[in-house]
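*Asks:* how does the following fold in three dimensions:
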Amino acid sequence: MIRVLQVVTYMGRGGLETMLMNYYRNIDRDKVQFDFLTHRDERWDYDDEIESLGGKIYHLPKLNPFSKNYLNALDKFFNEHKEYQIVHCHQDCLSGVVLKVAKKNGVKFTIAHSHNANQDKNLKYLIKLFEKRKIPKYADKLFACGNEAGRWMFNTDNFEVLNNAIDTDLYTYNAEKASKVKKEFGIENKFVVGHVGRFNPQKNHEFLIDVFNEIQKIKEDSVLMLVGDGDLRQEIEKKVQDLGLSEKVIFTGIRSDVNDLMQGMDVFLFPSLYEGLGIVLIEAQAAGLKCIISDTIPKDGIITDDVLSLSLNQSPVIWANEVLKYKGYKRSNNKELIEKADYDIKNNAKKLEQFYIQNTRG
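*Replies:* Below is the predicted model:
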């Protein structure tokens with residue numbers, strides 16, 4: 001059996017972590033086993049499942065390319081764990097920092113994986129732009145969730161797209177499940193606008209709330225379901241309260257049943273400032289949802305005719321009017337379309353499994 005080290009920040013219920021778990025659940029674990037090198041001490045949402053599937057979880061300090069303490073800890077880890085022939089790194093712009101040390105310690109095959117086509121414009125932005133230029137020097141293989149994510153991160157076309165694949169059976173629309181979800185939240189006979197994502201700047205919750213505020217002015221029996229958690233949640237809760245929408249906005253927190261919650265939504269709203277691809281957009285289409293998304297989201301993820309892209313320069317009123325056009329539409333079964341576009345996890349997991357095996361030979 002091959003043990004592949006997946007290098008992540010932590011294994012919470014974010015997009016890249018969910019993608020990794022989809023592959024992990026569907027790969028033949030008698031042939032390939034995943035272990036995880038994380039950069040946080042706390043336990044996270046997927047840790048119990050990882051351990052139940054036979055994976056090991058290791059912890060390092062926060063990734064800081066200028067920290068001697070971090071670099072020494074990283075060096076010590078790879079020096080003590082010579083069993084890993086493959087290291088698959090998901091640290092975006094800072095992947096080169098990890099892979100350089102892995103190579104120094106004799107790791108045979110290194111992979112850098114891009115999950116975003118941009119970064120937040122904060123104090124770390126310039127450092128990340130500088131660091132990402134080093135990645136191709138230390139990576140034997142470049143993966144990306146989409147073409148835009150690959151070109152932005154690696155400044156080359158010499159990468160391979162590894163699809164953010166899903167279990168289509170879990171998401172296919174089921175009217176009975178939809179009814180059950182609406183009953184759980186007490187929103188039967190409501191028009192449910194949904195969103196799934198971490199509460200961080202990238203996901204643009206501020207704008208999302210502005211759009212829903214306009215929807216409410218026109219259709220009072222609408223509700224907004226926000227699935228996820230994050231640093232900006234309290235700030236968004238305050239905005240909802242200030243607008244008098246507290247009774248109309250549901251904060252579900254982190255949920256393990258996103259596939260079911262999507263059954264209870266009527267429209268999916270996704271106004272991100274940027275994405276690498278957006279696995280939840282694939283999920284929403286698999287659930288037969290009409291999706292209103294920002295035109296900053298890569299076209300790679302648009303598989304069905306159920307998606308409308310709008311500019312973030314358009315007013316919340318325009319966005320709201322587009323959302324409301326989808327009252328009472330008939331949900332479609334998009335299972336075949338998703339599979340035909342090669343976003344079904346079973347086929348993709350087999351491909352990744354073979355890739356790992358081929359690159360440990362010789």
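
*Asks:* and the residue nearest the centre of this structure?
*Replies:* With the centre of the chain defined as its mean C-alpha position, the nearest residue by C-alpha atoms, centre = their mean is G15, 1.4 Å away.

*Asks:* do a quick rundown of the strands in the stretch 101-250 of the chain.
*Replies:* Counting by DSSP state E, counting those that start in this stretch, one finds strands in the stretch 101-250 of the chain at the ranges 109-114, 141-144, 160-161, 191-196, 222-227, 249-253.

*Asks:* partner strands of the shortest one, with direction?
*Replies:* Taking DSSP bridges as the criterion, strand 160-161 sits next to strand 141-144 (parallel) in its sheet.

*Asks:* per-residue pLDDT, the residue nearest to the centre of the chain?
*Replies:* Model confidence at G15, given as pLDDT, is 86.

*Asks:* just give the closest residue to it, not the sequence neighbours.
*Replies:* Once its chain neighbours are removed from consideration, G15 has its nearest residue in I279; the separation is 4.7 Å (C-beta to C-beta, 6 or more residues apart in numbering). All C-beta spots, glycine's among them, are computed from the backbone N, C-alpha and C.

*Asks:* and what of V4?
*Replies:* The shortest distance from V4 to any non-neighbouring residue, by C-beta to C-beta, 6+ apart, is to I86 (4.7 Å).

*Asks:* then the lowest-mean-pLDDT helix or strand in the chain to PDB, C-alphas only?
*Replies:* Using mean pLDDT, DSSP states H and E, the weakest-scoring helix or strand in the chain turns out to be helix 125-132, at a mean of 85. Taking C-alpha atoms only, helix 125-132 is exported to PDB below (Å, rounded to 0.1, in the frame of the first residue of the first chain):
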ATOM      1  CA  TYR A 125      -0.800  39.300  -0.700                       C
ATOM      2  CA  LEU A 126       2.600  40.500  -2.000                       C
ATOM      3  CA  ILE A 127       4.400  37.800   0.000                       C
ATOM      4  CA  LYS A 128       2.100  35.200  -1.600                       C
ATOM      5  CA  LEU A 129       2.700  36.600  -5.100                       C
ATOM      6  CA  PHE A 130       6.400  36.300  -4.500                       C
ATOM      7  CA  GLU A 131       6.300  32.800  -3.000                       C
ATOM      8  CA  LYS A 132       4.000  31.300  -5.700                       C
END
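
*Asks:* my read: E322 touches L308, true?
*Replies:* Yes. Taking contacts as C-beta atoms under 8 Å, E322 lies within contact range of L308: 6.2 Å.

*Asks:* that older thread, partners of the residue nearest to V4 in the sheet?
*Replies:* Taking DSSP bridges as the rule, I86 bridges to V4, F109.

*Asks:* CSV please, covering the strands of the stretch 101-250 of the chain and showing mean neighbour count, distance to L123 and mean pLDDT.
*Replies:* Compiled in CSV, those are given as follows (neighbours: other C-beta atoms under 10 Å; distance: least, C-beta to C-beta, whole Å; pLDDT from 0 to 100):
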stretch, mean neighbour count, distance to L123, mean pLDDT
strand 109-114, 26, 22, 97
strand 141-144, 21, 26, 96
strand 160-161, 14, 31, 96
strand 191-196, 24, 28, 97
strand 222-227, 24, 28, 98
strand 249-253, 16, 29, 97
